[in-house]
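A.B. asks: My questions concern the predicted model and sequence given below.
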Amino acid sequence: MEAPRLVASDVDGTLLGADDRPGPRLVAVLGRMAEAGVPLVLATGRPPRWIAPVCEAIGTHGLCVAANGAVVWDAGGDRVLDATEIGTDVLVEVLDRLRTALPGAGLAVERVARPGVAEFCCESTFEHAWPSSDHVEVSEDELVAQPAIKVLARRRGLSSDAMAAAVRDGLGELVDVTFSSSGGLVECSARGVTKAHGLAWAAGHLGVAAEEVVAFGDMPNDLEMLRWAGHGVAMGNAHPDLVAVADEVTGHHDEDGVAVVLERWF
């Protein structure tokens, strides 16, 4: 592939090391890439408020694909450019059918930031997959009172692969189902919304075609993005499903795997 006109990368398990920091080799090549005028689009399951520290650490403030593609966020202007939500009517059915598909799982919703609206709301039984996560515990009725960009189900002791299969069987016609953590977490977006959806919007906004994009990822929520991009790269620590569809497999996220590929051009 010739030098890309846009680079898209997942964050956790891809761009960042196990210490949640970018390595100096990566920071250096991203700096050269910026000097060459090639934008970096972060594409992550994180909501915008969890992306901002990453932008500061790597020195980029461009477009970000957040919440597994449901939101395109302008980090420099701190504003949402595009959002695809699950409406409240559908949300009621999604949560009801999740309780049937995954008995005993705790449920949560992620919302677009709006005045007076709590962004992350969950049932009291929901157990966070990440420590120190912000949340507001609400009743079942309050959980579906506002549209959501993402629904999460968590049940410790089950694999995320097994949970995702059960959810696809039970309500796959209503939502897009994926996961970014292997430890008993499944994530649902509006039907058809994936990182590829958000990245296509961002690339179109920047005037870049899919074949001019290199994308990096490590988990099933990166699958559609790697398929969509002109060159999809799976990390050395990637889930087997990503390795199966990638154009290339690079090094581990703790071994500068993203930098190894980008240094061909920058």
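C.D. replies: It's in.
A.B. asks: Now do the least confident helix or strand in the chain by mean pLDDT: everything it contacts.
C.D. replies: Every helix and strand of the chain was ranked by mean pLDDT, DSSP states H and E. The lowest is strand 136-137, at a mean of 90. Residues outside strand 136-137 that contact it (Cβ atoms under 8 Å, 6 or more residues apart in numbering): 118, 120-124, 126. (C-beta placed from N, C-alpha, C; glycine too.)
A.B. asks: Would you mark the buried spots in whichever helix or strand comes after that strand?
C.D. replies: Counting by DSSP states H and E, the next helix or strand C-terminal to strand 136-137 is helix 140-143. The neighbour-count check on helix 140-143 (16 or more other Cβ atoms under 10 Å) flags Leu143 as buried.
A.B. asks: Ignoring the adjacent residues along the chain, who's closest to Ile149?
C.D. replies: Excluding the flanking residues, the one nearest Ile149 by Cβ to Cβ, 6 or more residues apart in numbering is Ala70, at 3.9 Å.
A.B. asks: just checking, that neighbour touches Gly192?
C.D. replies: No - counting by Cβ atoms under 8 Å, Ala70 does not reach Gly192; the two are 10.6 Å apart.
A.B. asks: Counting neighbours, go ahead and name the busier of these two.
C.D. replies: Using other Cβ atoms under 10 Å, the more surrounded residue of Ala70 and Gly192 is Ala70, with 28 against 12.
A.B. asks: Per-residue pLDDT of the more buried one, please?
C.D. replies: Looking at Ala70, its pLDDT is 98.
A.B. asks: Low-confidence regions, this structure specifically.
C.D. replies: Where the chain drops to pLDDT under 70, the residues are 131-132.
A.B. asks: can you list the domains in it?
C.D. replies: Residue ranges for the domains of the chain, per automatic domain parsing: 6-83+194-262, 88-190.
A.B. asks: taking those together, which one is wrapped up most tightly?
C.D. replies: Of all the domains of the chain, domain 6-83+194-262 has the most neighbours on average by mean count of other Cβ atoms under 10 Å, namely a mean of 20.
A.B. asks: Quick one: residues contacting Gly45.
C.D. replies: The contact partners of Gly45, by Cβ under 8 Å, 6+ apart, come to 12, 67-68, 150, 180, 187, 221.
A.B. asks: ok, so of those, who is nearest Asp78?
C.D. replies: Proximity of the contacts of Gly45 to Asp78 was ranked by Cβ to Cβ; the top entry is Ala67 with 15.7 Å.
A.B. asks: Hmm, that closest one is touching Leu152, no?
C.D. replies: No - contact status for Ala67 versus Leu152: not in contact, 10.4 Å apart, counting by Cβ under 8 Å.
A.B. asks: Mind listing the shared neighbours of those two?
C.D. replies: What both Ala67 and Leu152 touch, as defined by Cβ under 8 Å, 6+ apart, is the set Glu110.
A.B. asks: Now do the strands for the stretch 151-266 of the chain: every range, in order, please.
C.D. replies: In the stretch 151-266 of the chain, the strands defined using DSSP state E, counting those that start in this stretch lie at 175-178, 185-190, 213-217, 231-234, 248-249.
A.B. asks: report the longest helix in this protein, please.
C.D. replies: If you go by DSSP state H, the chain has its longest helix at helix 88-101.
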